[in-house]
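Q: sequence first, predicted coordinates after that:
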Number of protein chains: 4
Amino acid sequence: MHTTEKKRSDPERIASRRKQVLDAAESCFGSSGFHGASMAEISKAAGMSAGHIYNYFDNKDAIIAAFVQQNVERVSTLLGDLAQREDPLQALLDDIDRSVSDNLQPGVWKLLLEIWAQSAREPGIAKLAQDADRVSRTELHCLLKRGRAMRGWATDDAALMARIEVMIAIFQGLHVRPILSPDLDARAVTEATRLAMLPLLMTE
Amino acid sequence: MHTTEKKRSDPERIASRRKQVLDAAESCFGSSGFHGASMAEISKAAGMSAGHIYNYFDNKDAIIAAFVQQNVERVSTLLGDLAQREDPLQALLDDIDRSVSDNLQPGVWKLLLEIWAQSAREPGIAKLAQDADRVSRTELHCLLKRGRAMRGWATDDAALMARIEVMIAIFQGLHVRPILSPDLDARAVTEATRLAMLPLLMTE
Amino acid sequence: MHTTEKKRSDPERIASRRKQVLDAAESCFGSSGFHGASMAEISKAAGMSAGHIYNYFDNKDAIIAAFVQQNVERVSTLLGDLAQREDPLQALLDDIDRSVSDNLQPGVWKLLLEIWAQSAREPGIAKLAQDADRVSRTELHCLLKRGRAMRGWATDDAALMARIEVMIAIFQGLHVRPILSPDLDARAVTEATRLAMLPLLMTE
Amino acid sequence: MHTTEKKRSDPERIASRRKQVLDAAESCFGSSGFHGASMAEISKAAGMSAGHIYNYFDNKDAIIAAFVQQNVERVSTLLGDLAQREDPLQALLDDIDRSVSDNLQPGVWKLLLEIWAQSAREPGIAKLAQDADRVSRTELHCLLKRGRAMRGWATDDAALMARIEVMIAIFQGLHVRPILSPDLDARAVTEATRLAMLPLLMTE
DNA sequence: AATGAATGAGTTTTCATTCAT
DNA sequence: AATGAATGAAAACTCATTCAT
């Protein structure tokens, strides 16, 4: 049991255990919300005793924070893809189909709403979310600036940033729609979204 | 006992007491969220014992429900104004300045997020919010159809409804932005919003 | 309103109000038990505000006590009837039919059980019930002694009192039976009761 | 950790904890009644925090139910003894001394009254008590029928069952007597009880 | 005499967190 | 490393009782 290998405590075992907890938390938070999910529930889903979780996280808030961190980082990944593309403006337009239908998926918006609502209450959570959002905005700003440069358009940084705010608003707003309008027509909404995005992206 | 006024029992005293509780709840919900706000906290803010609140509301959920109801009804009022205007399409465009800065007000978005998150969890709350949203959508649909008719444009109902979804998404998304991007430039965002709204409103 | 008559406060109006409350209490106690019946419930049944009841009773316990008092006194009335009869032993036997079916009535045993259980907890209530029971026992003892004298039987007071205890036990036990054995055959039980009573009454 | 014993988790530790709670409940229920006994009181008597009790019982009602179940089962044990005896009729007569003095024990009748009163209110409790009572009646019916057969007596089932009802009524009534007549003469009552039981048991 | 608004103490119950093993 | 028994603080809610009117 203690030759030298595997079981010996620290390096990646801890990371694996934390992931195990965060995955369990994701499922619990999704069905019950941050408050509604009890440590007992999470520990059962994680296949780990409640007490043991405290060896990996200081307290429940730390789990929430780590979970939020993990989720706000996901967005960056998406932007990374865009950065690879030749013409980012066109790429964004082309991706609208996929983005819209992604955003309308339940299970996604449930958790995002939970995160946003929590950000509105807990400054600590707000900071995490704001930092990630700022990074995304900046990255997007770079991309778009490049795309505009390709087309020979001058860029007013403040104006472009405002357009980015509205573009993100559209997608984040689309997260809210399925809650309030469960029967919306996803295909038609995709069309309309493209209509709104077009001037934001393709106008000098 | 004085003239005819206040004190003796039922008709509007109850309404006034309920309002007193709902106002207190609004402030507590705003700072602590639905779950975080305790009845003790609310009762203190309402200047009323916790036990007494139960003479006006069956339980805490009933307070939340009444609060949500009150807030989702506010939107209808706004649409009522629009209905008065001669050219609703133009009116919407003209109002963007005000709408955007309204949506960026803190205290508004805090509570709306709370409501949306709660709708994602509690079917009862979801129903309230969905019903109100449906009414607003329908009303808006009427208005826009009329505006389009004035211009001699034909209307594909499904397509128009999808545009409405996106327009609402923009404004609801703008509620989320100040949480994640507290330093955004409201003026510039207003401009960008107009840019996105234009094709949704003014395209055949 | 204040000529001299009626409304002028004290003498019997108070008694009438108290009765009004006690009647209401009887119905509430019957359906909810002493603890389960709230003052609000009682006050509604009495057609009187909760606060006003406190002008006639010091507190809820006083209502319970008065109610118990009222009920334990009822028994005395029944014994009064027997005292009129020429041959009390025979009278008791003759009355078994009626007594048994009385005791099996629901609504009677519910309240009696409540009273007995309360007596087992509250010494104050116990005293009321014990005093009334002692009076009944003594009265019954007199009656039976007279009946035995008529037959020329000598009486060992202690032994006769013990028989009385058992006779009362039979009837009080019959109060319990319908709770535990809701389908019992009342006619057949009457027969069996007579069988058990006979030696207690008619043996030298 | 020592040998094989106690400490580690489930099988009988839970049973032991439940018993610990039920014993505490017995003492609290005895002095304060089901309603009067608070979880705080019970938890103190059980030497366990109130919250912890909820790991063993769903809620207070479940404690009451388990307690009632435990108590109504006790009766069956007594009947089991009788079944062993050669002549059950004679055995019942012989046991009257012991049965009567058992029934007059305080602490027994307190709790039984509580149970009966609770049965009169809560259908769930009523069912437990009725089921146990039915079993006892049936068992007793068997025994007596056998005893009668030994003597060559024919048995009218309904009539015999009615006698059983009365016999049980006598003993259950004797539970009530000490509350209302605390100074009764136990010896003399035993004699009188035998007098009443005799025709119920020994008559064709 | 009468109301019912208002209180506050007390109830059951939940749950994050700790700690002996 | 891992458990889960145990705690204690807080939550929502109820209700007898009081008191201004």
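A: All right, it came through fine.
Q: how about the host helix or strand of A:Gln130: buried residues?
A: Taking DSSP states H and E as the definition, A:Gln130 sits inside helix A:123-150. Neighbour-count burial for helix A:123-150, counted by 16 or more other C-beta atoms under 10 Å in any protein chain shown, picks out A:125-126, A:128-130, A:132-133, A:136-137, A:139-141, A:143-144, A:147-148. Just so you know, the C-beta spots here come from the backbone N, C-alpha and C atoms, and that holds for glycine as well.
Q: ok, and which of these reach chain B?
A: A:Ala126, A:Ala129, A:Gln130, A:Asp133, A:Arg137 (C-beta under 8 Å from any C-beta of the partner chain).
Q: ok, so of those residues, who is nearest DNA strand E?
A: Nearest to DNA strand E among those is A:Ala126, at 19.3 Å by C-beta to the nearest atom of the strand.
Q: tell me the contacts of the closest residue to that closest one other than its chain neighbours?
A: Nearest non-adjacent residue to A:Ala126, counting by C-beta to C-beta, 6 or more residues apart in numbering or on different chains: A:Ser119, 4.3 Å away. By C-beta atoms under 8 Å, 6 or more residues apart in numbering or on different chains, the contact set of A:Ser119 is A:Val68, A:Ile125, A:Ala126, A:Leu128, A:Ala129, A:Gln130, B:Ile179, B:Leu180.
Q: quick one: residues in contact with the helix or strand of chain A with the lowest mean pLDDT.
A: None of the helices or strands of chain A scores lower by mean pLDDT, DSSP states H and E than helix A:60-84, at a mean of 89. Here helix A:60-84 makes contact (C-beta under 8 Å, 6+ apart) with A:18, A:21-22, A:25-26, A:29, A:34, A:39, A:42, A:53, A:57, A:88, A:91-92, A:95, A:111-112, A:115, A:118-119, A:122, A:124-125, A:128-129, A:131-133, A:135-136, A:139-140, A:143.
Q: and if we set it to 7 Å?
A: Helix A:60-84 is contacted by residues A:21-22, A:25-26, A:29, A:34, A:39, A:57, A:88, A:91-92, A:111, A:115, A:118, A:124-125, A:128-129, A:132, A:135-136, A:139-140, A:143 when judged by C-beta atoms under 7 Å, 6 or more residues apart in numbering or on different chains.
Q: repeat that for stretch A:148-160.
A: So stretch A:148-160 is in contact with A:Asp87, A:His141, A:Leu144, A:Lys145, A:Glu204, B:Asp185, B:Ala188, B:Glu191, going by C-beta under 7 Å, 6+ apart.
Q: from these, which shows the smallest pLDDT?
A: Of all the contacts of stretch A:148-160, A:Glu204 has the smallest pLDDT value, namely 87.
Q: give me the pLDDT for the nearest residue to that residue once chain neighbours are set aside.
A: Counting by C-beta to C-beta, 6+ apart, A:Glu204 lies nearest to A:Trp153, which is 4.7 Å off, once chain neighbours are set aside. With respect to pLDDT, A:Trp153 has a value of 97.
Q: got the phi and psi for A:Trp153?
A: Main-chain torsions, A:Trp153, degrees, to the nearest 10: phi -90, psi 140.
Q: whichever strand or helix holds A:Val189 vs helix B:186-202, what angle?
A: With elements taken from DSSP H and E, the one containing A:Val189 is helix A:186-202. Orientation of helix A:186-202 against helix B:186-202 (axes from the mean of the first three to the mean of the last three C-alpha atoms, to 10 degrees) gives an angle of 130 degrees.
Q: what are the buried residues along helix A:186-202?
A: Buried positions in helix A:186-202, judged by neighbour count with 16+ other C-beta under 10 Å: A:186, A:188-197, A:199-201.
Q: ok, stretch A:91-99 next?
A: Within stretch A:91-99, the residues that count as buried by 16+ other C-beta under 10 Å are A:Ala91, A:Leu92, A:Ile96, A:Ser99.
Q: I'd like the ones next to chain B among the buried residues of helix A:123-150 laid out as a markdown table, including pLDDT.
A: Converted to a markdown table, those look like this (pLDDT from 0 to 100):
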| residue | pLDDT |
| --- | --- |
| A:Ala126 | 96 |
| A:Ala129 | 96 |
| A:Gln130 | 96 |
| A:Asp133 | 95 |
| A:Arg137 | 95 |
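Q: so who does the residue lying closest to A:Arg121 once chain neighbours are set aside touch?
A: Excluding its sequence neighbours, the residue lying closest to A:Arg121 (C-beta to C-beta, 6+ apart) is B:Gly33, at 5.0 Å. Applying C-beta under 7 Å, 6+ apart to B:Gly33 gives the contacts A:Ala117, A:Arg121, B:Glu114.
Q: A:Ile164 now?
A: By C-beta under 7 Å, 6+ apart, the contact set of A:Ile164 is A:Arg137, A:Leu140, A:His141, A:Leu144.
Q: any idea how far DNA strand F is from the third one?
A: If you measure A:His141 against DNA strand F using C-beta to the nearest atom of the strand, to the nearest Å, the figure is 43 Å.
Q: close enough to count as contact, A:Ser101 and A:Ala186?
A: Yes: applying C-beta atoms under 7 Å, one finds A:Ser101 in contact with A:Ala186, separated by 5.9 Å.
Q: what parts of chain A come near DNA strand F?
A: A:Ser9, A:Arg17, A:Met48, A:Ser49, A:Ala50, A:Gly51, A:His52, A:Asn55 (C-beta under 7 Å from any atom of the strand).
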